[in-house]
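Novice: Curious how this folds, go ahead:
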Amino acid sequence: MPTFLPAPSQPSSASPVNASVDKIDLPRDRLTQAELDRILDRHAGYLKRRAGGVRANLKLRDLSYLNLEGRDLSDSDLSGAKLYGCTLRNTKLIGANLFAVDLRLADMRRAEFRRADLRGACLRGAKLDDAILIEADLRGGVMLKPGKGGELTALSFGGTGQTELGNAVAQRADMSRAKISNAFLLQTDLTDAVLNNVKFIRADLRKSNLTGANLSGADLTEADLSGAILHGAVLSRSCLMGTNLTDADLIGAILDAVDLSGATLANAKMISRLQDLETPLGDILTSHVAWIGSGGSSGRRADLSKVDLASEDFSGFNLSAAQFSYSILKGANLSGACLVMADFSFTDLRGADLSHADLRGVNLTRATMNGAKLSGARLGPVEIAGATVSTWSTNLANARLGQVDLSGCDLRSARLTHADLSNADLRDCDLRAANLQDAQMLGADLRGARTEGADFRGTTGLLLE
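Specialist: Numbering: from 1, shown residues only. Model prediction:
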């Protein structure tokens, strides 16, 4: 009978276990779809406490390419099972035993693994978009079997003893408070993943895409993030002691209350300081005004991208079409400014005053705007004159607008896909023809808002009368 043991964090000559690696998988019983369906039906009865219900025991079974979509496998035992290429979309695996399971190339979009045991699992190339892995255990683990002379032999199930998510796609996955120490996440797509307070101690995250990920309070002690992309990632209060950030791209990342002194930052891309600009800020603004007034024939367009501009005063300025992408404008004063078609993508605008600003056609993709003041701002489309008149909509896709005051704003035709509008004040807003697909709107106040033609498909937490 195989034995399950956690993998050691590092090899130790003092370990009492002499585990050699067996490259040959342990034979598993292959199930047909019909056989699996019968087991799952009995498990459904078990969960509902019905007579004849039996807890699913799929330990060491081969379920490759079978369909488990939408099923409830909570509290089931799938340890050591092979689910290569399985369909597990919207499947519930709450508290399930998935120790050393082979989930390579499995489709687990929107699956729920809350509190599941995934130690030593192999999820290489799996699809985990929108999956829930809150408090899941993804630390290392190996399955052992007795060998000759009492020696324990490690069985290979496509993994390495470490939980492996290499090349997996886990966009928007919620892994809050999960245990991922020593895991292998090379080149994993964790775009917009929720990773609050996750333990990534010594995890391998080389070249992973963490764009927009929320890593607040995460423990990244001795983790390897060399070459990782962290555009717009929230790293507030995270621990980076001994973290390898060589060649990492931290431009646009939020680093509040983060001590970088213990991290390796060789060749890492960081935001520039205002005093390091070759041209003084006043001269840049004057040149931009000339550029606007001359239709581009004189002066120069303001490029203030990737610059720390926190608390600067731009109130009343005409900064139409200016470039602010990846900049820090935390607490800046932009009230009453003309910002038509300006680029604020990936910009930190927390606490900024944008009240009554003209933001028509602006690009606020992935901007962080929590606490910003936007009352009375114009965020509708802008008309572009030419041979024919066309319109350019404001882009707020993936923007963080939680608890933002948007009361009375013009948001006609605005793109708000995947935006976080949790607890936002949208009273009396004009949202006609706005695209709010997959937006988070829990607690948003829409009293008096105009929503004719707005697209709310996939929106979560929405309460419309």
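Novice: For the residue nearest to residue 194 when sequence neighbours are not counted, list the residues it contacts.
Specialist: Once flanking residues are discounted, residue 194 sits nearest to residue 174: 4.3 Å by CB to CB, 6 or more residues apart in numbering. For glycine as for every other residue, the C-beta is placed from the backbone atoms N, C-alpha and C. Residues in contact with residue 174 (CB atoms under 8 Å, 6 or more residues apart in numbering) are 131, 132, 133, 134, 193, 194.
Novice: from memory the second one sits against residue 177, does it?
Specialist: In other words, residue 132. No. Counting by CB atoms under 8 Å, residue 132 does not reach residue 177; the two are 11.7 Å apart.
Novice: between those two, who's got more neighbours?
Specialist: Using other CB atoms under 10 Å, the more surrounded residue of residue 132 and residue 177 is residue 132, with 21 against 16.
Novice: For the more buried one, give its distance to residue 91.
Specialist: 11 Å (CB to CB, to the nearest Å).
Novice: shared neighbours, those two?
Specialist: 111, 112.
Novice: just the contacts of residue 174 now: which is nearest residue 209?
Specialist: Nearest to residue 209, judged by CB to CB, of the contacts of residue 174 is residue 193 at 9.7 Å.
Novice: what number of residues lie near that closest one?
Specialist: 30.
Novice: Please, where are all the helices along the protein?
Specialist: Secondary structure of the chain (DSSP state H): helices at 33-47, 281-293.
Novice: what is the rounded mean pLDDT of the shortest one?
Specialist: Regarding helix 281-293, the rounded mean pLDDT is 95.
Novice: For residue 244, give the beta-bridge partners.
Specialist: residue 224, residue 264 (DSSP bridges).
Novice: roughly how far apart are it and residue 139?
Specialist: From residue 244 over to residue 139 the distance is 20 Å, taken as CB to CB.
Novice: repeat for residue 320
Specialist: 52 Å.
Novice: okay, and for the stretch 351-465 of the chain, where does confidence drop off?
Specialist: Scanning the stretch 351-465 of the chain for pLDDT under 70 picks out 386-389, 463-465.
Novice: can you map out the strands along it?
Specialist: Remark: strands assigned in the stretch 351-465 of the chain by DSSP state E, counting those that start in this stretch are 382-384, 390-392.
Novice: Reformat those as TSV; add distance to residue 253 and mean neighbour count.
Specialist: Compiled in TSV, the strands of the stretch 351-465 of the chain are given as follows (distance: least, CB to CB, whole Å; neighbours: other CB atoms under 10 Å):
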stretch	distance to residue 253	mean neighbour count
strand 382-384	30	13
strand 390-392	29	13
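Novice: Redo the ones you listed as a markdown table? Include distance to residue 75.
Specialist: What follows is the strands of the stretch 351-465 of the chain, written out as a markdown table (distance: least, CB to CB, whole Å):
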| stretch | distance to residue 75 |
| --- | --- |
| strand 382-384 | 55 |
| strand 390-392 | 52 |
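Novice: Looking at the ones you listed, which is nearest to residue 216?
Specialist: Here strand 390-392 is closest among those (CB to CB), at 34.0 Å.
Novice: Residue 383 and residue 340: what is the separation?
Specialist: Look at residue 383 and residue 340: by CB to CB, they are 10 Å apart.
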